[in-house]
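Visitor: any chance you can model this:
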Amino acid sequence: MATSSIGHMDMAEIYHLLDSTDLSVLEETTALVRDNLGSVQEPWLLHGLVDYFMQSGNIIARNLLCMVRQHQHKILMNKVDDYLQKVNTRFKALCLFGHIVRNEPIWTHLIISTRPFQTVLKCLQVDTDLPTITSALYIMATLLPKVASQVCNYLPTLFSIYVRLVSWHTIKPAGANEANLIHLHTSVYALFLCLYGMFPCSFTRFLQQHFQPHNTTSNKGTSEKERARIFENSVQPMLDQVRLHPRLITDTHDIEV
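Guide: Down below sits the predicted model:
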């Protein structure tokens, strides 16, 4: 397979080569695909690699997708989002999306304006599958510090997501697996640390308003007694684990955002 162009090959052949047990074939194929990713104008190669990972979980395909250059990031993100939109492929697509985020491509700052970011936000607001939500939370906790200056418009949504999911530690969803709930609570704590660390004034202000007695404007479906239980059992223990943020003394909500 001595060639520098991939144009004459179809995806079936590339799949076969990426699945080879011959190390030299794998290395040559990986180098060939990597070298051609940025030069192939049509999206077939990029789409094919996403499809291949979703079908097989191939690690080489996943790693190649993390090398996509900035001018192709929308093609990649839109293809990943096609899988995020489907319930039966969402979890695996989240695994791929999360791996890309953790690898910090040069276009990380653009992710917040892509379709997958919006889909993950929606997932965290309405989804009920615990492994899916846990994976999505870890993606958010990883991504937000990298795009801190672009997050302000999403703070109300992120705060509401935190309240929605932290409440499940106190009021458990019907039929929820205990092990999955433990993993979920750990990921919620990761989001808590992220929000408190980045936006302490805005976050604590939101929590104060949300959980204060007699607040009926933003707590539809939750009684005052339930809110008090959630705060005491789930939110207060998290607050007890962190030190007083210095910006709570030096800054205000308006300065922060």
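
Visitor: if I pick Lys172, what's in contact with it?
Guide: Taking C-beta atoms under 8 Å, 6 or more residues apart in numbering, we find Lys172 in contact with Leu181. From N, CA and C alone the C-beta is placed, and that goes for glycine too.

Visitor: quickly find the element holding it.
Guide: Secondary structure from DSSP states H and E places Lys172 outside every helix and strand.

Visitor: need the pLDDT of it.
Guide: pLDDT for Lys172: 89.

Visitor: how near is it to Thr89?
Guide: Computed with C-beta to C-beta, to the nearest Å, the distance linking Lys172 and Thr89 is 27 Å.

Visitor: do Gln125 as well
Guide: In this view, Gln125 and Thr89 are 20 Å apart by C-beta to C-beta.

Visitor: so for those two, which sits in the more crowded spot?
Guide: Using other C-beta atoms under 10 Å, the more surrounded residue of Gln125 and Thr89 is Thr89, with 15 against 12.

Visitor: what helix or strand is the more buried one located in?
Guide: Here Thr89 sits within helix 87-102, counting by DSSP H and E.

Visitor: which strands and helices sit next to the helix or strand bottoming out on mean pLDDT in the chain?
Guide: For the chain, using mean pLDDT, DSSP states H and E, the weakest element among its helices and strands is helix 253-256, scoring a mean of 71. Of the remaining helices and strands, those touching helix 253-256 by 3 or more C-beta pairs under 8 Å, 6 or more residues apart in numbering; DSSP states H and E are helix 200-211.

Visitor: show me what the helix it packs on is packed up against.
Guide: Counting by 3+ C-beta pairs under 8 Å, 6+ apart, the packing neighbours recorded for helix 200-211 are helix 155-166, helix 178-198, helix 224-230, helix 247-250, helix 253-256.

Visitor: looking at these, spot the one closest to Ser39.
Guide: If you check each of the helices and strands packed on helix 200-211 against Ser39 by C-beta to C-beta, helix 178-198 wins as the nearest, at 37.5 Å.

Visitor: now that closest one, how far from the centre of its chain.
Guide: Here helix 178-198 shows a centroid-to-chain-centroid distance of 13 Å under the convention C-alpha atoms, centre = their mean, to the nearest Å.

Visitor: what's in contact with it?
Guide: Helix 178-198 is contacted from outside by 130-131, 133-134, 137-138, 140-141, 144-145, 148, 151, 158-159, 161-162, 165-166, 168-169, 172, 203-204, 238, 242, 245, using C-beta under 8 Å, 6+ apart.

Visitor: what angle separates it from helix 155-166?
Guide: With axes from the mean of the first three to the mean of the last three C-alpha atoms, to 10 degrees as the basis, helix 178-198 and helix 155-166 are set at 150 degrees to each other.

Visitor: which positions in helix 178-198 come out as buried?
Guide: 181, 183-185, 187-192, 194-196, 198 (16 or more other C-beta atoms under 10 Å).

Visitor: thank you, goodbye.
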